[in-house]
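> just the structure for this:
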Amino acid sequence: MNMSELADFATLRATYRNDGVVFIPAALNENALRLAEACFYWTLENPGPGAGAVLHGTPGTFYQDQANPDAFPAYRELLCDTAVADIAAGLFDCDNVWLMYEQIWLKEGADTRRTPWHQDLPYLPAEGDDLAVLWTSLDAVDKAHSLEFVKGSHRGPLYNPSAFNPQDTSANLFDADTWPALPDVDAAPHQFPILSWAIEPGDVVVFHPATLHGGAATVADKRRRTLSLRFFGDDARCAARPHDGMANVDGLKHDDGGRHPLKKMALAEPGTLFRHPEFPQLRPRPGQS
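Predicted coordinates for the structure are as follows:
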């Protein structure tokens, strides 16, 4: 698909701004889906410094890899030559789009536990309206086992992020007085406006990284291969974070020799533009003005 094929993009943009998440069915055409699958398997077969098990020691495979400083050449065609970056540009309503980083998830082999409720933004040294996570599954996922979001939660507050502790999924990452503790959504789901969708390959869910979300559990006879692409646009600024600006969960404080530009932005002055020449600029396309 291309931007002209998106029905009423102004409505999608308004929904994204209001809800913090938007579902776009059939957003990836056959070629883009083929490239997304190739990217997934490139990352799976070329583990980066941030690769490893999530909720280690729990049943089944729950694996992720992200922010590999060597990944962009393998992702270039998907990011530059399909509508993927156009979706981010349309939701931001700006011409400039950069890739922050890529991430894959793999769940299979057993009844796996749900991904704890969390926000992505507290793990990242960034803030602003023009931030987006594009999430797509290479496998069909029914609504009961899909990603779930608390509608409008991107407007605040930021919560003390999950430590992804397999023994205590309520454990927070930072000191107790840093930010308020995450709410126990599962204890009273009727109190939260939860959004979720059944997903077919080619569908995408795009959410602001401040949106409170979690992944439903998966079952033993099904696998879930997902690809997330993190983008930013004009309205993205540096933000102060504990732990020297980077979270040590999800591999974001792994030792890659300091090569990934996220590491180089972690101690930047809060409030300055979130920019580094090593973040690939996807829109305008290279060579275009």
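
> elements contacting the helix or strand of the chain with the lowest mean pLDDT?
Among the helices and strands of the chain, strand 52-53 carries the lowest confidence by mean pLDDT, DSSP states H and E, at a mean of 80. Here strand 52-53 touches strand 61-66, going by 3 or more Cβ pairs under 8 Å, 6 or more residues apart in numbering; DSSP states H and E. From N, CA and C alone the C-beta is placed, and that goes for glycine too.

> what pairs with the strand it packs on, parallel or antiparallel?
strand 52-53 (antiparallel), strand 97-108 (antiparallel) (DSSP bridges).

> what's the mean pLDDT across that strand?
If you average the pLDDT over strand 61-66, you get 84.

> same deal with stretch 128-137?
Stretch 128-137 comes out at a mean pLDDT of 98.

> and the helices in the stretch 151-289 of the chain, which stretches?
Ranges of helices in the stretch 151-289 of the chain, per DSSP state H, counting those that start in this stretch, are 261-265.

> do a quick rundown of the strands in it.
194-196, 204-207, 213-215, 224-232, 237-238, 281-283 (DSSP state E, counting those that start in this stretch).

> wait, which of the ones you listed is closest to residue 164?
Among the strands of the stretch 151-289 of the chain, the nearest to residue 164 by Cβ to Cβ is strand 213-215 (11.2 Å).

> sec struct for the residue nearest the centre of the chain, please.
When Cα atoms, centre = their mean is applied to the chain, the residue found nearest the centroid is residue 133 (4.0 Å). The three-state label given to residue 133 by DSSP: H, G, I helix; E, B strand; the rest coil is strand.

> over to the one 3 residues further on?
Under the three-state scheme (three-state DSSP), the conformation of residue 136 reads as strand.

> distance check, it against residue 86.
15 Å (Cβ to Cβ, to the nearest Å).

> ok, back up a step: point out the most buried one among the strands paired with strand 61-66.
With neighbours defined as mean count of other Cβ atoms under 10 Å, the strands paired with strand 61-66 peak in mean count at strand 97-108, which reaches a mean of 23.

> so how far is that one off the chain centroid?
6 Å (Cα atoms, centre = their mean, to the nearest Å).

> what is the mean pLDDT for that strand?
Mean predicted confidence for strand 97-108 is 93.

> so where's the stretch 51-200 of the chain uncertain?
The stretch 51-200 of the chain contains residues with pLDDT under 70 at 55-61, 109, 112, 166, 169.

> still on that earlier bit, now the strands of the stretch 151-289 of the chain in TSV, with mean neighbour count?
Output for those, formatted as TSV (neighbours: other Cβ atoms under 10 Å):
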stretch	mean neighbour count
strand 194-196	18
strand 204-207	24
strand 213-215	24
strand 224-232	23
strand 237-238	20
strand 281-283	19
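
> ok and the lengthiest helix in the chain relative to strand 61-66, angle-wise?
Identified as the longest helix of the chain according to DSSP state H is helix 30-45. Computed with axes from the mean of the first three to the mean of the last three Cα atoms, to 10 degrees, the direction of helix 30-45 lies at 100 degrees from that of strand 61-66.

> mind listing what's buried in helix 30-45?
32, 33, 35, 36, 37, 39, 40, 42, 43 (16 or more other Cβ atoms under 10 Å).

> mind putting those residues in JSON lines, distance to residue 104 included?
Shown next, in JSON lines, are those (distance: Cβ to Cβ, whole Å):
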{"residue": "32", "distance to residue 104": "16"}
{"residue": "33", "distance to residue 104": "15"}
{"residue": "35", "distance to residue 104": "14"}
{"residue": "36", "distance to residue 104": "10"}
{"residue": "37", "distance to residue 104": "11"}
{"residue": "39", "distance to residue 104": "8"}
{"residue": "40", "distance to residue 104": "5"}
{"residue": "42", "distance to residue 104": "9"}
{"residue": "43", "distance to residue 104": "5"}
